[in-house]
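Student: Give me the fold of what follows.
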Amino acid sequence: METDKVIIGITHGDINGIGYEVILKTMADARMLETFVPVIYGSPKVAAYHRKNLDIQGLNLNIVNSIEEINTKRVNIINCVDDEIKVELGISTEEAGKAAYIALEKATEDLKNGFLHALVTAPINKKNIQSAKFNFPGHTEYLEHKFSTGSKALMMLINDVMRVAVVTGHIPVKDVSTAITAELILEKLVVLNDSLKKDFSIVRPRIAILGLNPHAGDDGLIGEEEQTVIIPAMKLAEKQGIICVGPYPADGLFGSGNFDKFDAVLAMYHDQGLIPFKTVSMDTGVNFTAGLPIIRTSPDHGTAFDIAGKNMASEESFRQALYLAYDIFQSRKWNEEISANPLKTEQRMERSDRGSKVE
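Tutor: This next block holds a predicted model:
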């Protein structure tokens, strides 16, 4: 298998949700094959069921058993699950959770072995996927476990007008204040700053920091975390050359539109960042797992069981997730090329030339 194209793995997610709908609608556009090779990890039988149910025309899948068999000019699907699997649209089932995990595990294995350049994950149901083999709040934590080289993964939400990352992710709100420490904020700031440089080619990123409390604590009147935790973390980050400003009240920063003066916003907890983000771009936003050596994106929506099989789901977020995965791959490749030491390259070439002359 030789190709200059970027190979992107796609996991089918929960088979009873809108995962296959957004995947198949996106792949029905032949232009998607111009720059990358899509490889769906899932079930040809389930894909055929959804394609027929949704009356999606003009899409033929190349069915293979392994990544080595893919056709670089086709939309490929690797059969990962039992052919007898049952689709029950709009219903959370143990069988669907198992199928989602198997596809994710297989794609992760191929990603780890270097067969894929990036991974795009369709939505899972975080409850039915739980098992002895998958005991994580979501994709982010699972991939962090599989690929982390020491630093924590960072959930980053991206659209045309903003990038929002979160210090704490999938944890109960009652645990947020105790989970947030200066060390954790600094760790997330370092990952976010590095990602903005490496993954988005921003030379000197400017990051807005949100406060935890209403009005960012009002100088300690409505909470002390800003004074005792957040600001000290920002000072430590500034010593490392990170440009961060705040802490800002979340409602004021988003409500005024001043978020567009920054390259990213770091929120303290999940809903603080995701509610304004999804209000702006529910159908176009993308979730990116920053801080890992691999590239993973996903559409910024869930399984949407309530509209599964009704041909109502927008594929735009999934399409943008594919484009972003491709763009990040190209950005990382470009940054690797410009950071390479040209002197060492010249020295290697000179040594090689001298060796040839001796021979």
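
Student: Correct me if wrong: residue 74 contacts residue 33.
Tutor: Yes. At 7.5 Å, residue 74 and residue 33 qualify as touching, with contact defined as C-beta atoms under 8 Å. Backbone N, C-alpha and C define where each C-beta goes, glycine included.

Student: wait, doesn't residue 243 sit right on residue 203?
Tutor: No. If you go by C-beta under 8 Å, residue 243 and residue 203 don't touch, sitting 11.0 Å apart.

Student: Low-confidence regions, the stretch 201-350 of the chain specifically.
Tutor: Residues of the stretch 201-350 of the chain meeting the criterion pLDDT under 70: 341-350.

Student: ok, and what's touching stretch 261-278?
Tutor: By C-beta atoms under 8 Å, 6 or more residues apart in numbering, the list of residues contacting stretch 261-278 from outside reads 156-157, 159, 162-171, 173, 176, 180, 185, 188-189, 192, 196, 200, 202, 205-212, 230, 244-245, 250, 253-254, 259, 285, 300.

Student: Tell me which of residue 243 and residue 203 has more neighbours.
Tutor: The neighbour comparison of residue 243 against residue 203 (other C-beta atoms under 10 Å) goes to residue 243, with 13 against 6.

Student: Now do the end-to-end distance for stretch 161-168.
Tutor: Start and end residues of stretch 161-168 are separated by 22 Å (C-alpha to C-alpha, to the nearest Å).

Student: likewise stretch 48-65?
Tutor: Stretch 48-65: ends 16 Å apart by C-alpha to C-alpha.

Student: ditto for stretch 152-168
Tutor: End-to-end distance for stretch 152-168, by C-alpha to C-alpha: 11 Å.

Student: average model confidence for that stretch?
Tutor: On average, the pLDDT along stretch 152-168 is 92.

Student: for stretch 112-129, same thing?
Tutor: 95.

Student: now that stretch, how far from the centre of its chain.
Tutor: Its chain's C-alpha centre and that of stretch 112-129 lie 9 Å apart, by C-alpha atoms, centre = their mean, to the nearest Å.

Student: Convert the C-alpha atoms of that stretch to CSV, please.
Tutor: This file holds the C-alpha atoms of stretch 112-129, laid out as CSV (Å, rounded to 0.1, in the frame of the first residue of the first chain):
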residue,chain,number,x,y,z
LYS,A,112,-0.5,3.0,16.9
ASN,A,113,1.2,0.8,14.3
GLY,A,114,1.5,3.7,11.8
PHE,A,115,-1.1,2.6,9.2
LEU,A,116,-3.2,5.7,9.8
HIS,A,117,-2.2,9.3,9.8
ALA,A,118,-5.2,10.5,11.8
LEU,A,119,-8.4,9.2,13.4
VAL,A,120,-12.0,10.6,13.3
THR,A,121,-14.4,9.1,15.8
ALA,A,122,-18.2,9.1,15.3
PRO,A,123,-20.2,9.5,18.6
ILE,A,124,-20.5,6.8,21.2
ASN,A,125,-22.9,6.3,24.0
LYS,A,126,-20.7,6.8,27.1
LYS,A,127,-22.9,4.4,29.1
ASN,A,128,-23.4,1.3,26.9
ILE,A,129,-19.7,1.2,25.9
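
Student: Would you mark the buried spots in that stretch?
Tutor: Neighbour-count burial for stretch 112-129 flags 115-126, 128-129 (criterion: 16 or more other C-beta atoms under 10 Å).

Student: Kindly report the same for stretch 326-336.
Tutor: In stretch 326-336, counting by 16+ other C-beta under 10 Å, buried: 326, 327, 328, 329, 331, 332.

Student: SS state for residue 245?
Tutor: Look at residue 245: counting by DSSP: H, G, I helix; E, B strand; the rest coil, its state is strand.

Student: That one pairs with what?
Tutor: Applying DSSP bridges to residue 245 gives these bridge partners: residue 208.

Student: how about the helices in the protein?
Tutor: Taking DSSP state H, the helices of the chain run over residues 19-27, 44-54, 94-112, 139-147, 176-179, 182-198, 225, 231-239, 250-256, 270-281, 316-339, 342-358.
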